[in-house]
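1. Here you go, sequence then predicted model.
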Amino acid sequence: MEITAVTLREADERFRLRSLFGLDRDDDDEEVVVSGDVTLENLPLDFTELDTWSGLTATNSFSGLVVDGDLTVTDWITNWEMDFGPFLLVRGDVRAKNFGTSGSEVLVEGNLEVAQTLAGIYNHGRTVIKGDTRAEVVLTEQHAFEFHGRLNAEIGIAGNFLQVADPAKVQVGSWAGHVLDLRHQILPNLGSRSMRALRGLDSDFWDYDRRQVLSAMEAGRSLLRASGPRQVGRETPLSFEETIREVLRQARYQEQDRWDDGFYTCTRESEEPFVEVWFSEADEPAEADEPKAPEELDPATELRGYAEALIAAGYRATIDPDDDECLQVRR
């Protein structure tokens, strides 16, 4: 691997940078060029961090990075600054565990393989993949994504900013938001007006908080919702209410949330504190014609199931004498 600093004039002659990126820079500004294939632990795609990473000295911050070959990153590529960032041009393939951008412009001329999450957050950046793309999650929040080859993912959060060249080459398990063609026209057979696909993500990421998403990516954490009951560390003591919720989760009952009907709990203080348990509808229930909408649950059946699971776990679960849609649970 050879890392050098070259002027924008020279880099433009070699790589046509001004035709690829919106570079409002002088010809004497400098770029980092990596010649040949390169393997890195991580790649910080922000101005001062890129300078430090390169080990080179520039009069001003380097305005971008060109990899004239394949780029393999063991861990993450991240760009935190929302409004700007150095460009990234990779003339070969890219492999990374996580890849997240905000204000940077990115062009991958080969294929992109991301083990976990490919994310673009905020509208000052742009990411273009000329080859095929594969990731667990592809997420865009006002960030322009262009996919010119195949696109494979478990979940696609399109945010009305995701564009594909050929719908026939797209295989995504579930969508949230509309998908566009390269003329910015909505594709009727891809995407979804519903945002229910977000339920496939851990609830920590439903609001696409940029810092939370990028922090998770740098920590090597998948955005996907864990399957099965949540594992709780034994070193952390649980409150009585949290213990009740955990019993119901372990019994495979759904907890009520933005898109799912399920149980809801509340602690009541008295001489003998107890926890109330209700069946509650989702905050944003599915529409009748919505594809993959969950099966409608019967409140009375669910409540009986909650009682049976809690009694089996050694708790006293009785119907509230003043509200037959509520359980009172005591030790």
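-> Arrived safely.

2. all helices of the stretch 151-300 of the chain, in order?
-> 210-218, 240-250, 299-312 (DSSP state H, counting those that start in this stretch).

3. Would you format these as CSV with distance to residue 78, mean neighbour count and mean pLDDT included?
-> Any C-beta I mention is one placed from the backbone N, CA and C, and that applies to glycine too. Below are the helices of the stretch 151-300 of the chain laid out as CSV (distance: least, C-beta to C-beta, whole Å; neighbours: other C-beta atoms under 10 Å; pLDDT from 0 to 100):
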stretch, distance to residue 78, mean neighbour count, mean pLDDT
helix 210-218, 5, 18, 93
helix 240-250, 32, 18, 95
helix 299-312, 42, 16, 95
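
4. I'd like those as TSV, with distance to residue 89 appended.
-> Formatted as TSV, the helices of the stretch 151-300 of the chain follow (distance: least, C-beta to C-beta, whole Å):
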stretch	distance to residue 89
helix 210-218	21
helix 240-250	47
helix 299-312	54
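
5. To residue 110, which of these lies closest?
-> helix 210-218 (21.5 Å; C-beta to C-beta).

6. Now tell me what touches that closest one from outside.
-> 42, 75-76, 78, 80, 82, 98-100, 102, 116-117, 119, 121-122, 139, 141, 204-205, 223 (C-beta atoms under 8 Å, 6 or more residues apart in numbering).

7. Ok, stretch 46-53 next?
-> With C-beta under 8 Å, 6+ apart, stretch 46-53 has contacts from 32, 43-44, 58, 61-62, 65, 79-81, 84-86.

8. try 7 Å
-> Contacts to stretch 46-53, defined as C-beta atoms under 7 Å, 6 or more residues apart in numbering, come from residues 32, 43-44, 58, 61-62, 65, 79-81, 85-86.

9. Residue 174 and residue 127: what is the separation?
-> If you measure residue 174 against residue 127 using C-beta to C-beta, to the nearest Å, the figure is 21 Å.

10. whoops, I mixed them up, residue 118
-> On the measure of C-beta to C-beta, residue 118 and residue 127 end up 8 Å apart.

11. Equivalent analysis for residue 22, please.
-> 14 Å.

12. more neighbours, these two?
-> Ranked by neighbour count (other C-beta atoms under 10 Å), residue 22 and residue 127 place residue 127 first, with 26 against 9.

13. List the beta-bridge partners for the more buried one.
-> Beta-bridge pairing for residue 127 (DSSP bridges): residue 106, residue 145.

14. circling back: out of the contacts of stretch 46-53, which are buried?
-> Buried members of the contacts of stretch 46-53, scored by 16 or more other C-beta atoms under 10 Å, are 32, 43-44, 58, 62, 65, 79-81, 85-86.

15. For stretch 23-36, which residues meet the burial criterion?
-> In stretch 23-36, counting by 16+ other C-beta under 10 Å, buried: 23, 25, 29-34.

16. about what we covered before: just the buried ones among the contacts of stretch 46-53: which are in helices?
-> Residues of the buried ones among the contacts of stretch 46-53 located in helices (DSSP state H): none.

17. Confidence-wise, which of those residues comes last?
-> Confidence by pLDDT is poorest for residue 58 among the buried ones among the contacts of stretch 46-53, given 77.

18. is it true that that one touches residue 5?
-> Yes - counting by C-beta atoms under 7 Å, residue 58 touches residue 5, with 6.2 Å between them.

19. Can you check the pLDDT for residue 293?
-> 63.

20. brain fart, residue 77
-> Value for residue 77, per-residue pLDDT: 97.

21. returning to that earlier point: compare the helices of the stretch 151-300 of the chain and report which one is nearest to residue 187.
-> So among those, helix 210-218 is nearest, using C-beta to C-beta, at 25.1 Å.

22. which residues does the nearest residue to residue 240 once chain neighbours are set aside form a beta bridge with?
-> Nearest residue to residue 240 in three dimensions, chain neighbours excluded: residue 275, at 6.2 Å (C-beta to C-beta, 6 or more residues apart in numbering). Legend: beta-bridge partners of residue 275 under DSSP bridges are residue 267, residue 329.

23. can you offset everything so residue one is 48?
-> Sure, I'll start numbering at 48, so the last one becomes residue 322.

24. list the contacts for residue 322?
-> With C-beta under 7 Å, 6+ apart, residue 322 has these contacts: 287-288, 291, 312, 314, 376.

25. Mind doing that once more with 6 Å?
-> Counting by C-beta atoms under 6 Å, 6 or more residues apart in numbering, residue 322 touches 288, 291, 312, 314, 376.

26. For those residues, which two are the farthest from each other?
-> Top of the distance list for these (C-beta to C-beta): 314 and 376, 10.0 Å.

27. that older thread, pick the one among the contacts of stretch 93-100 closest to residue 233.
-> Out of these, the member with the shortest distance to residue 233 (by C-beta to C-beta) is residue 126, at 27.9 Å.

28. Okay, and the beta partners of the nearest residue to residue 90 once chain neighbours are set aside?
-> Among residues not flanking residue 90 along the chain, residue 124 sits closest, at 4.4 Å (C-beta to C-beta, 6+ apart). Residue 124 forms beta bridges with residue 90, residue 146, as assigned by DSSP bridges.

29. count of residues packed around residue 124?
-> 26.
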